[in-house]
Structure formats: C-alpha cells, structure tokens
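Asker: based on what follows, work out the 3D shape:
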Amino acid sequence: MTVQEMIRALEAAGWRTTNRGDELHQLQLDDEARRITIAGKLGLSMPVGVQSILWRYAQVEETD
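Answerer: Purely as a prediction, here's the structure:
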C-alpha cells in the first residue's frame, strides 16, 4: 500500500486532510482533536507494521 492509498482509505473512513506538505500529510476526524501524520511521498510504499499502527490508531479495520 502506498502513502496515497492509505490517505484515500482513511478519508473514505471519515478522516479529512488538514495539512499537506511535500512529505507530511496530516489527517483529523471532524469530531475529535486527535490527528494522524503520515510521512512520505505519495508514491512511496508503506511498511506493513506502519500500516497496522495507523489502522489501529484510526480505529478502522484494515483493508488490503
């Protein structure tokens, strides 16, 4: 899964992009203060362990 695919999956789960730079992407839920920051260029592949941590923190079921 690439960084862009992860961002799209989180946005589909209700997260919205708040800040986006070249290599830092920040997402937030509308009703909560917590944020997720994903580092990396959009086409970069994410390690499986990082994906698992992001899914768990976002409280979203993993997708392949």
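
Asker: torsion angles phi and psi at residue 43?
Answerer: Residue 43 adopts backbone torsions of phi -90, psi 0, taken as degrees, to the nearest 10.

Asker: how far away is residue 18 from residue 51?
Answerer: 21 Å (Cβ to Cβ, to the nearest Å). All C-beta atoms are positioned from the backbone trio N, CA, C, and that covers glycine.

Asker: more neighbours, these two?
Answerer: residue 51 (17 against 12; other Cβ atoms under 10 Å).

Asker: run the chain-centre distance for the helix or strand hosting that one.
Answerer: Assigned by DSSP states H and E, residue 51 falls within helix 48-58. Centroid separation between helix 48-58 and its chain, computed with Cα atoms, centre = their mean, to the nearest Å, is 9 Å.

Asker: report all helices and strands that it contacts.
Answerer: Contacts defined by 3 or more Cβ pairs under 8 Å, 6 or more residues apart in numbering; DSSP states H and E place helix 48-58 against helix 3-12, strand 35-39.

Asker: which residues are in contact with it?
Answerer: 1, 6, 10, 13, 15, 34, 36, 38, 61, 62 (Cβ atoms under 8 Å, 6 or more residues apart in numbering).

Asker: quick check, the second one in contact with residue 38.
Answerer: Yes - Residue 6 lies in contact with residue 38 (Cβ atoms under 8 Å); the separation is 6.3 Å.

Asker: buried set for the worst-scoring helix or strand of the chain on mean pLDDT?
Answerer: Every helix and strand of the chain was ranked by mean pLDDT, DSSP states H and E. The lowest is strand 15-20, at a mean of 88. Neighbour counts using 16 or more other Cβ atoms under 10 Å place residue 15 of strand 15-20 among the buried residues.

Asker: next, the angle helix 3-12 makes with the next helix or strand after that strand.
Answerer: Moving toward the C-terminus from strand 15-20, the next helix or strand (DSSP H and E) is strand 24-29. Put simply, strand 24-29 runs at 10 degrees to helix 3-12, going by axes from the mean of the first three to the mean of the last three Cα atoms, to 10 degrees.

Asker: brilliant, that's me finished.
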